[in-house]
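Novice: Here is the input, now give the coordinates:
(chains A and B)
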Amino acid sequence: EPEVTQTPSHQVTQMGQEVILRCVPISNHLYFYWYRQILGQKVEFLVSFYNNEISEKSEIFDDQFSVERPDGSNFTLKIRSTKLEDSAMYFCASLDPPAETQYFGPGTRLLVL
Amino acid sequence: EDKVVQSPLSLVVHEGDTVTLNCSYEVTNFRSLLWYKQEKKAPTFLFMLTSSGIEKKSGRLSSILDKKELSSILNITATQTGDSAIYLCAVLDTGNQFYFGTGTSLTVIP
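Specialist: This next block holds a predicted model:
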């Protein structure tokens, strides 16, 4: 069965440092997403990406965040200067509209100290 | 403000029971409603519903969308302990943005 993969599974960083979270979506999917889930809270949408550009972003996705699909397979989320409140599980997902299915990656747990 | 509300927040049942989970939404430019099961980590996709009144079924799970009532239900029949999880509802709008509910926590007791 196809799967979305994410690396690393865990990342610990110091406040103010930059982090890059990596995702490899399912190859024939066209829509890609990043979400975050702070411990004990609900899943929150960050950004959607289609046709090599951002199609929608939430209020959380401010100037500190950016996404890229540098090589046609990887889909990355960069946080430029991490804050304590960025500590969360970050999920990548890809969507195949014709098949009406969406797959989540296993997540990256980010801890900002 | 667009939002998705799920009820109940939590539910405890015995194995073999049937449960119905509810999701209501107020989302402008609705496109689809999705159900997920979240156990320890990432949500697992269950169903995507776009058309009203058409039931989707997978084993003991089924779901239906009512666009007139702006709601959906997820039914699980003959529950098993492995069904214990948080069930998430999310709405996708035409701008490709997702809105998640807070989830219903289901516990199935043997």
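Novice: Tell me where the chain has strands.
Specialist: You didn't pick a chain, so chain A it is. A:5-7, A:10-13, A:19-24, A:31-37, A:44-50, A:53-57, A:65-68, A:75-79, A:88-96, A:101-104, A:108-112 (DSSP state E).
Novice: could you do chain B instead?
Specialist: Using DSSP E, the strands assigned to chain B run over residues B:3-7, B:10-14, B:19-26, B:30-38, B:43-49, B:56-58, B:61-66, B:71-76, B:85-93, B:98-100, B:104-109.
Novice: mind checking which helix or strand of the chain has the lowest mean pLDDT?
Specialist: Just going to use chain A. Lowest mean confidence among the helices and strands of chain A (mean pLDDT, DSSP states H and E): strand A:101-104, at a mean of 86.
Novice: The intended chain is chain B.
Specialist: Lowest-scoring helix/strand for chain B, mean pLDDT, DSSP H and E: strand B:98-100, at a mean of 88.
Novice: So A:Val43 sits against A:Tyr33, correct?
Specialist: No - A:Val43 lies out of contact with A:Tyr33 (Cβ atoms under 8 Å); the separation is 10.5 Å. C-beta here means a position set from N, CA and C on the backbone, and glycine is covered the same way.
Novice: neighbour-wise, which of those two wins?
Specialist: A:Tyr33 (28 against 25; other Cβ atoms under 10 Å in any protein chain shown).
Novice: which ones are touching the more buried one?
Specialist: Counting by Cβ atoms under 8 Å, 6 or more residues apart in numbering or on different chains, A:Tyr33 touches A:45-49, A:92-95, B:98.
Novice: Could you rerun that using 6 Å?
Specialist: A:48, A:93 (Cβ atoms under 6 Å, 6 or more residues apart in numbering or on different chains).
Novice: likewise A:Arg80?
Specialist: A:18, A:64.
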